[in-house]
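[1] Below is the structure, and that's it, no one-letter string:
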């Protein structure tokens with residue numbers, strides 16, 4: 001039996017564990033560290049499993065010292081990712097680590113230094129890079145079909161973006177902004193596809209919609225603007241058709257004084273060959289305006305894909321030909337990428353293969369996001385290097 005320990009058993013961790021269960025690979029959660037173990041016990045019981053067979057802790061070090069674990073999964077809130085990862089890496093255990101791997105430069109450098117000393121293999125939660133769409137794109141690009149990639153345009157219009165203003169994500173002490181929350185995925189799959197080093201980034205962001213002067217801490221359920229505010233429980237049912245009935249949501253007001261996070265942002269990344277990528281993200285687009293994908297341009301052709309349509313197209317530049325592929329993965333978690341990551345994690349535990357989403361990728365992406373954040377705050381170009389001047393691994 002593979003004995004899995006979990007640090008931070010929230011919704012995301014539960015989703016990954018459910019995918020691991022479906023692999024029938026002999027993995028069992030035998031220990032959990034969480035701030036609300038009663039809730040975790042209820043969840044375990046709801047799966048038809050016996051919570052009494054799980055050891056529960058509130059201190060990660062105690063769990064790691066007492067339990068004979070095969071591997072660890074970290075699903076805490078973002079600000080704790082590095083702190084908990086350092087504990088696991090020090091014990092040389094296989095690790096599944098949620099993104100972003102760090103939310104500040106100090107933590108990022110600690111994690112980089114720890115990675116150089118550990119024998120742990122790490123799966124970073126970057127499902128997009130291993131989706132069928134990106135794997136197909138990689139196959140076509142590497143074949144030379146479109147020529148060398150000389151320009152990238154990428155986009156992420158998030159139709160569920162209200163969670164970044166009405167749920168716990170609104171706390172910028174946790175998120176440190178939405179480049180780290182969202183662009184970390186997109187920077188990673190772009191890096192993976194082009195296979196060259198990013199050297200400089202410039203960025204800007206804005207907050208034009210989710211702002212206002214409503215009282216701090218106001219909940220939607222307590223607001224008297226139920227029939228005029230489009231974010232109200234009434235309109236979630238009546239206008240948006242997103243709820244089964246008008247009812248309490250427990251959400252915070254997205255137009256209050258304490259609502260954090262920008263609601264759109266863009267970055268331009270220069271790579272070592274001189275090629276550049278343009279990326280833009282938006283958090284107030286809704287419904288069919290949602291899209292996420294990229295166009296990669298070569299001299300011979302242009303490749304484009306979008307997870308919301310589940311399609312990849314290759315436009316040939318010098319012949320009258322357009323090729324269209326459909327991957328049929330809309331029903332799969334993160335376009336099928338989460339299943340691949342779960343399988344990779346099991347295989348590194350068994351010593352069969354190396355991670356398909358290594359810690360080096362997580363470090364590079366987080367570094368790019370931190371530099372994009374700094375660029376937006378200071379209106380300056382930023383070199384993609386650590387604070388000590390060291391270059392990231394690619």
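    Now that the structure is in, tell me what you want to look at. As the structure is a prediction and not an experimental result, all values here were calculated from the model. Residues are numbered from 1 along each chain as shown.

[2] which stretches of the stretch 151-300 of the chain have low pLDDT?
    Along the stretch 151-300 of the chain, no part satisfies pLDDT under 70.

[3] Now do the longest helix seen in the chain, average pLDDT.
    In the chain, taking DSSP state H as the definition, the longest helix is helix 359-378. For helix 359-378, mean pLDDT rounds to 98.

[4] Would you mark the buried spots in that helix?
    By neighbour count on 16 or more other C-beta atoms under 10 Å, the buried set for helix 359-378 is 359-373, 375-376. No exception for glycine: its C-beta is placed from N, CA and C like everyone else's.

[5] Return the list of strands paired to the helix or strand just after it, each annotated with direction.
    Next along the chain after helix 359-378, taking DSSP states H and E as the criterion, comes strand 382-383. Sheet pairing of strand 382-383 (DSSP bridges) gives strand 198-206 (antiparallel).

[6] Which helix or strand lies directly C-terminal to the partner strand?
    helix 233-238.

[7] Tell me the buried residues in that next one?
    233, 234, 235, 236.

[8] need the residues you listed in a markdown table with distance to residue 328, can you?
    Shown next, in a markdown table, are these (distance: C-beta to C-beta, whole Å):
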| residue | distance to residue 328 |
| --- | --- |
| 233 | 35 |
| 234 | 37 |
| 235 | 33 |
| 236 | 30 |
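
[9] Can you tell me which of those comes closest to residue 335?
    residue 236 (26.0 Å; C-beta to C-beta).

[10] The nearest residue to that closest one once chain neighbours are set aside: what's it in contact with?
    Closest residue to residue 236 apart from its sequence neighbours, by C-beta to C-beta, 6 or more residues apart in numbering: residue 243 at 4.4 Å. Contacts for residue 243 (C-beta atoms under 8 Å, 6 or more residues apart in numbering) come out as 233, 236, 237, 249.

[11] Isn't the third one up against residue 249?
    The one in question is residue 237. No - look at residue 237 against residue 249 with C-beta atoms under 8 Å: they stay out of range, at 10.2 Å.

[12] And the strands in the stretch 51-200 of the chain?
    55-57, 71-74, 95-97, 122-124, 151-157, 198-206 (DSSP state E, counting those that start in this stretch).

[13] I'd like those strands as TSV, with mean neighbour count and distance to residue 64 appended.
    As requested, those are exported to TSV (neighbours: other C-beta atoms under 10 Å; distance: least, C-beta to C-beta, whole Å):
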stretch	mean neighbour count	distance to residue 64
strand 55-57	17	9
strand 71-74	26	7
strand 95-97	28	11
strand 122-124	28	16
strand 151-157	18	36
strand 198-206	19	34
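
[14] Tabulate those strands (JSON lines), appending distance to residue 228.
    Output for these, formatted as JSON lines (distance: least, C-beta to C-beta, whole Å):
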{"stretch": "strand 55-57", "distance to residue 228": "46"}
{"stretch": "strand 71-74", "distance to residue 228": "42"}
{"stretch": "strand 95-97", "distance to residue 228": "43"}
{"stretch": "strand 122-124", "distance to residue 228": "43"}
{"stretch": "strand 151-157", "distance to residue 228": "25"}
{"stretch": "strand 198-206", "distance to residue 228": "25"}
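
[15] Would you tell me which of those strands gets closest to residue 340?
    The nearest among the strands of the stretch 51-200 of the chain, by C-beta to C-beta, is strand 122-124 at 9.8 Å.

[16] Contacts for the closest one, please.
    Residues contacting strand 122-124 (C-beta under 8 Å, 6+ apart): 85, 89, 94-97, 99, 101, 115, 341, 344-345, 348, 355-359, 361-362.

[17] where's residue 13 relative to residue 89, distance?
    Remark: distance between residue 13 and residue 89 (C-beta to C-beta, to the nearest Å) = 18 Å.

[18] do the same with residue 153
    From residue 153 to residue 89 the distance is 36 Å (C-beta to C-beta).

[19] Farthest-apart pair in the contacts of residue 243, please.
    237 and 249 (10.2 Å).

[20] Tell me where the stretch 1-150 of the chain has helices.
    Taking DSSP state H, counting those that start in this stretch to define them, one finds helices in the stretch 1-150 of the chain at 11-22, 37-46, 60-66, 81-89, 105-115, 132-142.
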